[in-house]
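Peer 1: Need the 3D shape of this:
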Amino acid sequence: MNLETQMNSKTYQSVEVGQPIIAKIVTSMLWLLFLGNAAYLIINFNNMPDWRWESIFKINGFTVLMWTTVTFFSAVVCSYASNYLTGFRYHSRFMVLSLGFTLSVMLLVLANHIGLLILSWLIMGVFMSQLIGIDKHWGEAREALKITQNYFYIGTFFLTAGLLLIAFFSDEFTISGLSIVAVDLPIYIVLPSALCIILAAIVQSAMFPFHRWLLSAMTAPTPASALMHAGFVNGAGILLALFATLLFASNTLTILFVIGGFTAIIAQFTKLLQVNVKQKLGCSTIAQMGFMIMQCGLGFFNAAVVHLILHGFYKAYLFLSSGEEIVQTKPKQPKQLKIKPLQAFVVLLFGGLGAYLFAFWTGKAIAMDSSIFLTLIVAITVGQATYNIIKEQSLSIAQKIVVPPILFVAGIGIYALMYNGVTVLMADMPMIAKAMPLTWVQIIFGITFLLGFFIMKLGVYKKLPWLYVKLMNISQPHKKSVLMYKSKSI
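Peer 2: Numbers count the residues shown, from 1 in each chain. Next up, the predicted model:
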């Protein structure tokens, strides 16, 4: 159930006279912020400053990159919402909250003092929960607001505990300073501190078992969902990148790798069971955040940042076009996965070529370290896309031969370009791209991940009723946000 189908008719009454003016002001501000940040990023790409004011603020390449990204997403969403929410009682409130959320994210990446970082993390969560429950006249929305806000408070608590522990022990209260001293601190300090920061990150990115807040947040208007899935949940990648040194020093990267991989597998399964478009997109976001956390666990925080940017573009588009998807979707029998030997050879061939191109263009040798998992993910993605193309009946044999190479060279080329560009902008941040030696835990879990992927694609779970029921149960929103307060609307 989404807001558009459940909205009480009173919500669209008493339209504020100032709505169009406020919408235009907010949208114009966001586009101006984006254009300014984008121009500065392009002009100073090879000569980014490392500016600091006292111990409070810092501006570097990573700051400008995140400012450009979040202002772009917010400007697009607010431009869409200006027309989409016309007549909505809380239209002006939505626009102001969206601006507040954007500024809080900008403050987050500007912060150098841990106090300001914690405050901006908290404010960001408050703004997002208010966007989720913006319709105060709808009982389910009010419950979703409470549920999500409680989760965000929990995440802020863990972040505060982790940062204060290491800050008071080291007498260092800046992010840049902690990045330097973390490697010299005792393990009994860095380990609990890192675990608390990891907990804060996985709560925000809706990793299992903290995923229900995201599934309960579907009461939000579609533009709010787009902003949440394109920007808010990605904040975990930003947080982990800021404290990469601490995660290396505490030897907790394997924990991130396992949590991210497990979530990615389960969420991909649960996505297949959903019949609601927004719930499908919610499960898809959880899976993608799992991949992002996996990349952090492999030691490639730059790859995680690239992933969060690309995911933001992709998911914002999907949410903003979800209405059209509902109109055009017709019930149909799911296709069975059948592949002929020649087709299997083509899939494996292009998957291998895609992996080689990625390794070559990003300057990574196919070495036996954690970078091999990045290459493996690229190979799987290219192989899956190849399978989709060769099974497409509307394409001729000639087209099936020509299309895959063109798409993959262009796609991997753009990805490699972004990867290298982000790496340059994050160059002054320590340990943002350091391959880890392969461990048995990584190998075993990597094999498990591949098995899970093929079990999902082959549809084996459909023949196991207990597994089907379990997956369906864990992919449901919090019980209080599902139909329990429909009759209690104000």
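
Peer 1: Domain-wise, how is this protein divided?
Peer 2: Following the assignment in automatic domain parsing, the chain carries domains at 18-320+469-488, 346-427.

Peer 1: Select from these the stretch with the lowest mean pLDDT.
Peer 2: Mean pLDDT is lowest for domain 346-427 out of those, coming in at a mean of 76.

Peer 1: Show me how far that one is from its chain's centre.
Peer 2: Put simply, domain 346-427 sits 21 Å off its chain's centre (CA atoms, centre = their mean, to the nearest Å).

Peer 1: Look at that domain and report the distance between its end residues.
Peer 2: 38 Å (CA to CA, to the nearest Å).

Peer 1: what's the nearest residue to residue 189 if we skip its chain neighbours?
Peer 2: Spatial nearest neighbour of residue 189, excluding adjacent residues (CB to CB, 6 or more residues apart in numbering): residue 169 at 5.0 Å. C-beta here means a position set from N, CA and C on the backbone, and glycine is covered the same way.

Peer 1: Could you give the number of residues near that neighbour?
Peer 2: Residues near residue 169, counting by other CB atoms under 10 Å, number 15.

Peer 1: Using CSV, lay out the domains of the chain together with distance to residue 441.
Peer 2: Shown next, in CSV, are those (distance: least, CB to CB, whole Å):
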stretch, distance to residue 441
domain 18-320+469-488, 5
domain 346-427, 11
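
Peer 1: Show me the one of the ones you listed that comes nearest residue 444.
Peer 2: Closest to residue 444 of the domains of the chain, according to CB to CB: domain 18-320+469-488, at 9.9 Å.

Peer 1: before we move on, back to that, tell me which of the domains of the chain is the most buried.
Peer 2: Of these, the one with the most neighbours on average (mean count of other CB atoms under 10 Å) is domain 18-320+469-488, at a mean of 21.

Peer 1: Going by contacts, tell me the helices and strands next to the top helix by length along the chain.
Peer 2: Assignment by DSSP state H gives helix 139-170 as the longest helix of the chain. Judged by 3 or more CB pairs under 8 Å, 6 or more residues apart in numbering; DSSP states H and E, helix 139-170 is in contact with helix 114-132, helix 175-181, helix 187-204, helix 212-216.

Peer 1: Pull the CA coordinates from the second one and hand them back as CSV.
Peer 2: So that's helix 175-181. The C-alpha trace of helix 175-181 is given here as CSV (Å, rounded to 0.1, in the frame of the first residue of the first chain):
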residue,chain,number,x,y,z
ILE,A,175,37.7,12.9,11.9
SER,A,176,41.0,13.7,10.2
GLY,A,177,42.9,13.3,13.5
LEU,A,178,41.2,10.0,14.4
SER,A,179,42.2,8.7,11.0
ILE,A,180,45.8,9.2,11.9
VAL,A,181,45.9,8.0,15.5
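
Peer 1: Test my guess that residue 382 contacts residue 346.
Peer 2: No - with contact defined as CB atoms under 8 Å, residue 382 does not reach residue 346; the gap is 11.3 Å.
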